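K.L.:
Curious how this folds, go ahead:
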Amino acid sequence: MEKSLDVVFKPINLPCGRVLNNRLVKVALYEHLADFRGGPPNEHHFQLYSNWAAFGWGMILTGNVQVSRDHIGLGRDIVIPGKLSAESLLPFRHLATSMKGSGEDAPLTIMQLCHCGRQSTNFLGGRSPFKPPLAPSSIPVTSRNSGWLSEFLHALMFQIPKPMSVDDIDDAVEAFITGAKVAFESGFDGIQLHAAHGCEFILRIVDCYSCCLLDLLAQFISPKSNKRTDDYSAESENALRIVHRIASGIRSSTSPNFVIGIKLNAADYASKDDPNAYDRVITHFKSIAKWGLIDFIEVSGGDYEKPAKSNASSDFLSTTNSLRQALFSDFSQAAMDVLESLSLGQSSPLIVLTGGLRTPELLHTALTSNHAHLLGIGRGSVLLPDLPRRIKQHAASGSSDSQWLSPFSEEPKLDSWSRIRRHLPAIPLLSAGIVSAWYNVAMRQLAARPLSISQSQEPAFQADYNIGPVGAIFWMWFWLDDSWRRGLYLALGGILFYLVSSLVMS
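P.N.:
Presented below is the predicted three-dimensional model:
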């Protein structure tokens, strides 16, 4: 096999006319850096994205930016302001500038827009305690684990959602369009509509709950969460009606060269009870592509592996160890073939493949085997924010077989959690999101200071691999930004002053 990564740095055009300088996409990651109840981007976001912007990514996406203040996820989300003004847009303009960096080959900057719907959690979701969230249908996230403790935690975390009226749907459409206007007026190059699983930390709780946690747009698409019988049902073309309305509204409210992307997760369609899952995801994919509104479609939901040597052009994955992985395999391979069969020409959206692209060989194979146009890198962008630079160094110096097959970076070893868990009560939520929490803490470290952009062979950033599973959960949640820290110091100072005064007066 030819061991060349030149194809990774070949520019490519989006249908709207924008150009990516290379194929490397830093995909959306949940930052957990905003105010505790959600708010605008802040200095932590600015430094984090400035560090990514310094190293030559082709496109950079924000984490999920919530379009509805009362339907956020786990707190600390960036939230679209209720009223648009020069003052409220200023932090978003600062973020867009930070993401572009100061180099000549600036990445395209994309804001991911999200509405949590029924997965918006109690207490942290932006609503009054125990006020139900809005969703397509009144179908709660149900507990798979028996026992009073599991059911109690579930009842605390999720409420039975309230079915959305047509007016509620109209409000949600307008909220997404407003979010796109914020991105457009702030200097972002485009947006991505989140129509897949929810934030990854909450997704880990899928291990504990039988219904997959989907964001609002995916909740409308899925027959598991949408039992409506009106124009917004999950049947045929109705399933994508709200998405089409949003995409059309964004296109007419921005400009012809404003990038519009969408994220789909093949795993969201996987169900043992649905023999037509594959046909449904392909039908939806075709419909979205033929709209002529979408510039890129991100495909996620599994781990990419190199094709089998015996049939590299058709065997997309050599291992399918689960229903979701199998569907991801079939859908991801078919996506590029479907686009070619539609003969859409320059209006054909590009495919971003996300999941498991950890080695030089896999990057090369995904592009040269025509499995994707763009390469989505998530956690790898945290461990190696300078990955594009390092890939160029790798290509320039040549590589041995071991380097070609080796992961770019070491992943955290969090296996000790299984030993710790044996000594704790059986509380499913304790094991939810350990890995995601570790990466949240690593992003916070990455946001702490500017990185050196020298041409050194050493990594520009070194995550703290000494943080274990307990430390990851603790430091993710028990973190005080500057405003909270000042408040805590004032409170502690007040308590100390009171105690000293009491002693003096006694």
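K.L.:
can you give me the helices in the stretch 151-300 of the chain?
P.N.:
166-186, 200-203, 216-221, 241-253, 277-290 (DSSP state H, counting those that start in this stretch).
K.L.:
Of those, flag the one that's most buried.
P.N.:
Mean neighbours per residue, mean count of other Cβ atoms under 10 Å, is largest over these for helix 216-221, with a mean of 28. All C-beta atoms are positioned from the backbone trio N, CA, C, and that covers glycine.
K.L.:
Can you tell me which helices and strands that one packs against?
P.N.:
Where contact means 3 or more Cβ pairs under 8 Å, 6 or more residues apart in numbering; DSSP states H and E, helix 216-221 is packed against strand 134-135, strand 190-194, helix 241-253.
K.L.:
re the thing from before, among the helices of the stretch 151-300 of the chain, show the one with the smallest mean pLDDT.
P.N.:
In terms of mean pLDDT, the lowest-scoring of those is helix 200-203 (a mean of 42).
K.L.:
mind listing the strands for the chain?
P.N.:
Secondary structure of the chain (DSSP state E): strands located at 12-13, 19-20, 24-26, 59-66, 78-79, 108-114, 134-135, 162-163, 190-194, 259-265, 296-300, 350-354, 374-377.
K.L.:
Just to check, residue 404 is in contact with residue 363?
P.N.:
No: between residue 404 and residue 363 there is no contact under Cβ atoms under 8 Å: 10.4 Å.
K.L.:
Which of those two has more residues huddled nearby?
P.N.:
Set residue 404 next to residue 363 and count neighbours by other Cβ atoms under 10 Å: residue 363 wins out with 24 against 17.
K.L.:
how about that one, what does it touch?
P.N.:
5, 8, 357, 375, 391 (Cβ atoms under 8 Å, 6 or more residues apart in numbering).
K.L.:
Tell me how far the first one lies from residue 355.
P.N.:
Between residue 5 and residue 355 the distance, using Cβ to Cβ, to the nearest Å, works out to 19 Å.
K.L.:
go on, the fourth one?
P.N.:
Taking Cβ to Cβ as the criterion, residue 375 is separated from residue 355 by 10 Å.
K.L.:
With residue 452 instead?
P.N.:
Remark: distance between residue 452 and residue 355 (Cβ to Cβ) = 30 Å.
K.L.:
ditto for residue 338
P.N.:
The value you get for residue 338 to residue 355, if Cβ to Cβ is used, is 19 Å.
K.L.:
higher neighbour count, these two?
P.N.:
Each of residue 338 and residue 355 has its neighbours counted (other Cβ under 10 Å); residue 355 has more, 22 against 16.
K.L.:
Please look at that one and residue 331 and confirm they touch.
P.N.:
No: checked against Cβ under 8 Å, the pair residue 355 and residue 331 is beyond contact range at 11.7 Å.
K.L.:
How many residues are close by the nearest residue to residue 364 once chain neighbours are set aside?
P.N.:
Nearest non-adjacent residue to residue 364, counting by Cβ to Cβ, 6 or more residues apart in numbering: residue 5, 6.0 Å away. The number of residues packed near residue 5 is 20, by other Cβ under 10 Å.
K.L.:
Run through the stretch 251-400 of the chain and note the low-pLDDT ranges.
P.N.:
Applying pLDDT under 70 to the stretch 251-400 of the chain flags the ranges 267-268, 270-273, 302-330, 332-333, 398-400.
K.L.:
meant to ask about the stretch 401-506 of the chain
P.N.:
The stretch 401-506 of the chain contains residues with pLDDT under 70 at 401-402, 416-432, 455-456, 481-506.
K.L.:
Please enumerate the shared neighbours of residue 355 and residue 331.
P.N.:
Counting by Cβ under 8 Å, 6+ apart, the common neighbours of residue 355 and residue 331 are residue 301.
K.L.:
State the distance from the spatially closest residue to residue 300 that is not a sequence neighbour to residue 28.
P.N.:
Counting by Cβ to Cβ, 6+ apart, residue 300 lies nearest to residue 354, which is 4.2 Å off, once chain neighbours are set aside. Noted for residue 354: a distance of 9 Å to residue 28, by Cβ to Cβ.
K.L.:
So for these two, which residue has more residues nearby?
P.N.:
Between residue 354 and residue 28, residue 28 has the larger neighbour count (other Cβ under 10 Å), namely 26 against 23.
K.L.:
Backbone dihedrals for the more buried one, please?
P.N.:
Here is the backbone geometry of residue 28 (degrees, to the nearest 10): phi -70, psi 140.
K.L.:
just use 307 as the starting number from now, easier for me
P.N.:
Sounds good: first residue 307 from here, last item residue 334.
K.L.:
Contacts only, for it.
P.N.:
Residue 334 makes contacts with 367, 368, 369, 370, 418, 498, 500, 569, 684, as judged by Cβ under 8 Å, 6+ apart.
K.L.:
Thought residue 385 was touching residue 345, still the case?
P.N.:
Yes: with contact defined as Cβ under 8 Å, residue 345 and residue 385 form a contacting pair (6.0 Å).
K.L.:
Of these two, give the one with the bigger neighbour count.
P.N.:
Ranked by neighbour count (other Cβ under 10 Å), residue 345 and residue 385 place residue 385 first, with 22 against 16.
K.L.:
what's the spacing between the more buried one and residue 715?
P.N.:
Using Cβ to Cβ, residue 385 is found at 32 Å from residue 715.
K.L.:
what's the answer for residue 373, then?
P.N.:
Remark: distance between residue 373 and residue 715 (Cβ to Cβ) = 33 Å.
K.L.:
again with residue 745
P.N.:
Per Cβ to Cβ, residue 745 is found 12 Å from residue 715.
K.L.:
Same check on residue 601?
P.N.:
Residue 601 is 30 Å from residue 715, by Cβ to Cβ.
K.L.:
higher neighbour count, those two?
P.N.:
Of the pair residue 601 and residue 715, residue 601 is the one with more neighbours under other Cβ under 10 Å, namely 24 against 17.
K.L.:
My read is that the more buried one contacts residue 319, right?
P.N.:
No: with contact defined as Cβ under 8 Å, residue 601 does not reach residue 319; the gap is 9.7 Å.
K.L.:
can you count the residues close to residue 754?
P.N.:
Residue crowding around residue 754 was assessed by other Cβ under 10 Å; the count is 12.
K.L.:
That one: what's it in contact with?
P.N.:
Residues near residue 754 by Cβ under 8 Å, 6+ apart: residue 353.
K.L.:
residues contacting residue 312?
P.N.:
Neighbouring residues of residue 312 by Cβ under 8 Å, 6+ apart: residue 701.
K.L.:
Tell me how far it lies from residue 318.
P.N.:
Separation of residue 312 from residue 318 (Cβ to Cβ): 13 Å.
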